[in-house]
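**Q** Build me a structure from this.
(chains A and B)
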Amino acid sequence: RKEVEQDPGPFNVPEGATVAFNCTYSNSASQSFFWYRQDCRKEPKLLMSVYSSGNEDGRFTAQLNRASQYISLLIRDSKLSDSATYLCVVNPGGGYQKVTFGTGTKLQVIP
Amino acid sequence: DAGVIQSPRHEVTEMGQEVTLRCKPISGHDYLFWYRQTMMRGLELLIYFNNNVPIDDSGMPEDRFSAKMPNASFSTLKIQPSEPRDSAVYFCASSLAGLAEYEQYFGPGTRLTVT
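**A** This next block holds a predicted model:
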């Protein structure tokens, strides 16, 4: 089983739609979780951290489910500018700075 | 702040040649990471440094790859000899220890093509 798994998509959604991605992780001791966004031919950039209590930033909501070992990202009222690849990132904790990236989920928002 | 700087942005070389990729991390960041990204394997960590010291190089594919960080503001990733399967985008990233979020700041990447 991969350390971090994501559905590669693509998810093709119309503008204004709500879309959700899940990401599963294999290490139950993992401590920190993040979503990064990567535009085509660009570098990844942090979108948001995922806290145990959930995290909301405008139209974006991230959730953590430790029992089932997955994190989710919900995007409401999708914009054309949301089109990108969303990378799930997991840090094992214990003071390690090393993280594992998922292979990403591609989102295409259609006019 | 200029962010993480990488050079060159594009590199095309022939099989067997030596390739050197360069990275300047964000000033004050304690950690530096080298990643490789391909369509098939996604983003893979090759090696990372803490205070210029290599901490984990388990992701370096083989002895043809080597990385150095002679000082806090410069790192290199060298491939010698290069092979076509090394073609990928190589990213350098840096982060500041102590941040709970462990956010990594990526450079723009070097797109390497080995023919």
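**Q** On the three-state scheme, B:Ser45 is what?
**A** Careful, residue B:45 is Leu; it's not Ser. Secondary structure, DSSP: H, G, I helix; E, B strand; the rest coil: B:Leu45 is strand.
**Q** Quick check: closest non-adjacent residue to it.
**A** Spatial nearest neighbour of B:Leu45, excluding adjacent residues (CB to CB, 6 or more residues apart in numbering or on different chains): B:Gly59 at 4.7 Å. Every C-beta, even on glycine, is put in place using the N, C-alpha and C of the backbone.
**Q** Tell me the pLDDT of the one you found.
**A** B:Gly59 is assigned a predicted lDDT (pLDDT) of 92.
**Q** Double-check it against B:Leu43; I have them as touching.
**A** No. Here B:Gly59 lies out of contact with B:Leu43, judged by CB atoms under 8 Å, at a distance of 10.7 Å.
**Q** Quick check on these two: which one has the bigger neighbour count.
**A** Taking other CB atoms under 10 Å in any protein chain shown, B:Gly59 and B:Leu43 do not tie; B:Leu43 has more neighbours (24 against 16).
**Q** sorry, back to before: Three-state assignment for the residue nearest to B:Leu45, please.
**A** Quick answer, by three-state DSSP: B:Gly59 is coil.
**Q** Now do the same contact list for it.
**A** B:44-47 (CB atoms under 8 Å, 6 or more residues apart in numbering or on different chains).
**Q** before we move on, the earlier item: okay, and the common contacts of B:Gly59 and B:Leu43?
**A** In contact with both B:Gly59 and B:Leu43: no residue, using CB under 8 Å, 6+ apart.
**Q** which stretches of chain B have low pLDDT?
**A** Scanning chain B for pLDDT under 70 picks out B:1, B:98-102.
**Q** Spatially central residue for it, please.
**A** Central residue of chain B (CA atoms, centre = their mean): B:Trp34, 2.9 Å from the mean position.
**Q** Would you mind listing what in chain B touches chain A?
**A** By the rule CB under 8 Å from any CB of the partner chain, the part of chain B lying against chain A is B:31, B:33, B:35, B:41-43, B:45, B:48, B:50, B:55-56, B:91, B:95, B:97, B:100-104, B:106-109.
**Q** If any of these are buried, give me the PyMOL selection for them.
**A** Selecting only the buried entries of the residues of chain B next to chain A in PyMOL, with 16 or more other CB atoms under 10 Å in any protein chain shown as the criterion:
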select buried, chain B and resi 31+33+35+42+43+45+48+56+91+95+102+104+106+107+108+109
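**Q** mind listing the strands in chain A by residue range?
**A** Secondary structure of chain A by DSSP state E: the strands cover A:4-6, A:11-14, A:19-25, A:32-38, A:44-50, A:55-57, A:60-65, A:70-75, A:84-91, A:100-101, A:105-110.
**Q** hey, which of these is tucked in deepest?
**A** Burial of the strands of chain A is given as mean neighbour count (mean count of other CB atoms under 10 Å in any protein chain shown); strand A:84-91 ranks first at a mean of 24.
**Q** so what strands line up beside it?
**A** strand A:32-38 (antiparallel), strand A:100-101 (antiparallel), strand A:105-110 (antiparallel) (DSSP bridges).
**Q** which residues are in contact with the shortest one?
**A** Spelled out, that is strand A:100-101. Residues from elsewhere that reach strand A:100-101, judged by CB under 8 Å, 6+ apart: A:3-4, A:25, A:36, A:44, A:87-92, B:35, B:42-43, B:45.
**Q** Most neighbours among the contacts of B:Gly59, please name it.
**A** That'd be B:Ile47 among those, by other CB under 10 Å, with 22 neighbours.
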